[in-house]
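[1] What shape does this take:
(one chain, ligands or ions: 1)
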Amino acid sequence: MIDTSPNTSHDDPIDVLIVGAGFAGMYMLHRCRQHGLSAHVVEAATDVGGTWYWNRYPGARCDVESLEYSYSFDADLEQEWRWTERYASQPEILSYAQHVAERFDLKRDITFGTRVTAARFDETTSTWQVATHADGTGSEDGGGPEGAASLEARFVVMATGCLSSTNKPDFEGMDDFAGEIYHTGEWPHEGVDFSGKRVGVIGTGSSGIQAIPLIAAECDELTVFQRTPNYSLPAHNGPLDPAWEAWVKTNYPSFRQANREQQAAFGSHVPRNERSALEYSEEERQQIYEERWQAGGFAMTRSFGDLGSDEEANQTAQSFVADKIAELVDDADTAALLTPDQLFACKRMCVDTDYFATYNQDHVHLVDVRSTPIETFTPTGLRVGDTSYDFDIVVLATGYDAMTGSLLRVDFEGRSGQRLTEAWSAGPVTYLGLTVPGFPNLFTVTGPGSPSVLTNMIMAIEQHVEWISDCIVYLTANGLATIEASAQEATAWVGHVNRVAEATLFTTCNSWYLGVNIPGKPRVYMPLMGFPDYVRRCDEVAADGYRTFALA
Ligand code: N01
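    This is a model prediction of the structure:
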């Protein structure tokens, strides 16, 4: 329900209400100000940074290189900020976000410790009535002083991130566990002391794979519960090469542009081989894979042009990684259990530092919970089949209700009382991943149906923020109160997103891209592959005066 208390912050509707103060929300606010639009940000956390505020688990770092995973909108910012490593750590990225907030004086227009709980489109005033709830703690369960308020805005921009709604499996007996439980995405600010502790980690996605080596280095006993073995490529992280930094900083505009022309909006300096893996001899192929494995990061995914479309070609990458795991892991049974059996790069590829070798340590154990799932938590740990494990700490590296979770958590009520939860009951329906039919003046930054999680997120964010702000400026300049996607365009768009995905092998495995990790979530491939084509489409729509939308 919408809170009806008086609008506490603004007497007139603000132009743009932005939800979230991560990289998307911060740039949206800055961009609105540049265009003379009034804007305000509501943020659940107690500071800026979004995903980098929440994910403070040991080993958290970005797997897109730091010179690329950064804003491009301000040349001075690009030049003045100094990254220290090839892949930036979470604390460094959070410092960068805080630096940006200070540099552009953003915090005066951000309300922290407050969640948007509901939003209703008022058809008589063409504004959104937005309800917020403050608990000051930034935690979902609250606990601090409560306060409800409502805001009125012409436009709402959801900048809530794609991986911000945690997935915490509801294991039986969890509440009775006497030890500590932490989700990687809600890590305590004071850190967790693992020394001398028996630790269980559930989950071997990107978060688990980054955290496991560091937790192992600190704790007494570590048991990892793995449901699906994952592909992971070595980061070969290290101090940032000064010569490379100098080159990039001298050539930033063309470097960024070259990245915008990449399918994933990064990695223009990593050669992409478009030829088939099957055109090469076994020896040549091995050499290409080896070079790219040694180059680190995602380089190996660019080895051949048909890894995502031809199963036989993909199989060659699978075998290469299986051999690597067998080399890296001493115990053959453990190596076999760690070897993925799904297609290479079908689930989100992981990038690690010493992940596989961690299992060579005597105090690190791997338990397969695919054949026998975790049955129950107990007061002292958890049970899998007939075996009980005792722990002081359990870490849930169990991921997110990706892409739609944080959008559906807000009780959106669009035209004629339609709820977003109903409109998306069979999967998200958007036009361009930016707008939703029946929900006028609502924009989703990196929403489902846009390249988002398949790209360098900051590039995708900048493109969306610029498109949205230009659109609002256009509407305002033309005396238009509303913009709304038509149901027909949205249906066609969803069809397009599906067709692009179905032309690849990547709809075949149980990835969070398909929502399969969340019980009951419709199986729909949510992100759109291919950044440059997508950007062209968005630009065409704008250049054509947004005629594919209903404007009023
Ligand atoms: O989450 P995940 P994540 N019982 O969903 C397992 C980004 N990211 O937080 O695969 C047992 O990938 C689940 O098993 P399965 C990146 O986009 C980036 O690790 O579903 N296990 C899986 O192993 C990434 O993809 C960076 O069978 C259960 C794991 O938990 C995304 O965030 C770093 C279970 C969840 O893996 C999400 O990554 C970190 C259950 N009931 C994250 N439920 C970098 O930039 C779930 N699992 C480096």
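[2] give the contact list for Thr316.
    Each residue near Thr316 by CB atoms under 8 Å, 6 or more residues apart in numbering is listed here: 277-278, 285, 289, 304. The C-beta positions use only the backbone N, C-alpha and C, and glycine is treated the same way.
[3] and it, which of the three is it?
    Secondary structure assignment for Thr316 (DSSP: H, G, I helix; E, B strand; the rest coil): helix.
[4] before we move on, what about the one 5 residues further on?
    When states are read from three-state DSSP, the local structure at Val321 comes out as helix.
[5] what's around it, how many residues?
    Here the number of neighbours of Val321 (other CB atoms under 10 Å) works out to 19.
[6] Check Asn510 too.
    15.
[7] before we move on, back to that, who wins on neighbours among the contacts of Thr316?
    Within the contacts of Thr316, most neighbours by other CB under 10 Å means Phe304, with 26 neighbours.
[8] Hmm, it is touching Asn273, no?
    Yes. Contact criterion CB atoms under 8 Å: Phe304 and Asn273 qualify, at 5.6 Å.
[9] For the stretch 151-300 of the chain, which residue gets nearest to the ligand?
    Nearest residue of the stretch 151-300 of the chain to the ligand (CB to the nearest ligand atom) works out as Gly205 at 2.2 Å.
[10] Identify the spatial nearest neighbour of that residue, chain neighbours not counted.
    Sequence neighbours aside, Gly399 is the residue nearest to Gly205 in space, at 5.5 Å (criterion: CB to CB, 6 or more residues apart in numbering).
[11] And the one you found, what's its pLDDT?
    In this model, Gly399 is scored at 98, pLDDT.
[12] Equivalent analysis for the one 5 residues further on, please.
    Looking at Thr404, its pLDDT stands at 98.
[13] give me the number of residues near it?
    24.
[14] what's the answer for Arg536, then?
    Other residues within reach of Arg536, judged by other CB under 10 Å, total 11.
[15] that's a helix at it, yeah?
    Yes. Counting by three-state DSSP, Arg536 is found in a helix.
[16] before we move on, the earlier item: my guess is the residue of the stretch 151-300 of the chain closest to the ligand contacts Asn230. True?
    Yes. With contact defined as CB under 8 Å, Gly205 counts as touching Asn230 (6.4 Å).
[17] Without its sequence neighbours, what residue ends up closest to Tyr27?
    Tyr27 sits nearest to Val465 (CB to CB, 6+ apart), 4.8 Å away.
[18] tell me which element that neighbour is part of?
    helix 457-477 (DSSP states H and E).
[19] any idea of the mean pLDDT in the helix or strand following that helix?
    Of the helices and strands lying after helix 457-477 in sequence (DSSP H and E), the nearest is strand 483-485. For strand 483-485, mean pLDDT rounds to 98.
[20] who's in contact with the residue in the stretch 251-400 of the chain positioned nearest to the ligand?
    Among the residues of the stretch 251-400 of the chain, Gly399 lies closest to the ligand, at 2.4 Å counting by CB to the nearest ligand atom. For Gly399, the contact set (CB under 8 Å, 6+ apart) comprises 163, 166-167, 203, 205, 207, 512, 517.
[21] which among the residues you listed end up buried?
    Buried members of the contacts of Gly399, counted by 16 or more other CB atoms under 10 Å: 163, 166-167, 203, 205, 207, 512, 517.
[22] Quick one: name the residues of this structure near the ligand.
    62-63, 163, 169, 184, 202-208, 210, 225, 227-228, 348, 351, 369, 374, 397-400, 453, 512, 517 (CB under 6 Å from any ligand atom).
[23] In PyMOL, select just the buried ones from these.
    Remark: buried members of the residues of the chain next to the ligand, expressed as a PyMOL selection using 16+ other CB under 10 Å:
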select buried, resi 62+63+163+184+202+203+204+205+206+207+208+210+225+227+228+348+351+369+374+397+398+399+400+453+512+517
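[24] how long is stretch 167-180 end to end?
    17 Å (CA to CA, to the nearest Å).
[25] ok, back up a step: overlap in contacts, Gly205 and Asn230.
    Common contacts of Gly205 and Asn230 (CB under 8 Å, 6+ apart): 347, 350.
[26] In contact with the closest residue in space to Gly25 that isn't next to it in sequence, which residues?
    Leaving aside its chain neighbours, Gly25 sits nearest to Ala159 (3.7 Å; criterion: CB to CB, 6+ apart). Taking CB under 8 Å, 6+ apart, we find Ala159 in contact with 18-22, 24-25, 28, 41, 445.
[27] Phi and psi next, for Ala159.
    phi -120, psi 50 (degrees, to the nearest 10).
[28] Now do the helices in the stretch 1-150 of the chain.
    Taking DSSP state H, counting those that start in this stretch to define them, one finds helices in the stretch 1-150 of the chain at 23-34, 51-54, 75-80, 90-103.
[29] With mean pLDDT and mean neighbour count as extra columns, can I get those helices in JSON lines?
    Formatted as JSON lines, the helices of the stretch 1-150 of the chain follow (pLDDT from 0 to 100; neighbours: other CB atoms under 10 Å):
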{"stretch": "helix 23-34", "mean pLDDT": "98", "mean neighbour count": "25"}
{"stretch": "helix 51-54", "mean pLDDT": "98", "mean neighbour count": "23"}
{"stretch": "helix 75-80", "mean pLDDT": "98", "mean neighbour count": "12"}
{"stretch": "helix 90-103", "mean pLDDT": "98", "mean neighbour count": "18"}
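[30] Now distance to Gln257 too, for the ones you listed, in CSV please.
    CSV is the format used below for the helices of the stretch 1-150 of the chain (distance: least, CB to CB, whole Å):
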stretch, distance to Gln257
helix 23-34, 18
helix 51-54, 26
helix 75-80, 13
helix 90-103, 22
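[31] To Met529, which of these lies closest?
    helix 23-34 (20.5 Å; CB to CB).
[32] What helices and strands are in contact with the closest one?
    Contacts defined by 3 or more CB pairs under 8 Å, 6 or more residues apart in numbering; DSSP states H and E place helix 23-34 against strand 14-19, strand 39-42, helix 90-103, helix 457-477.
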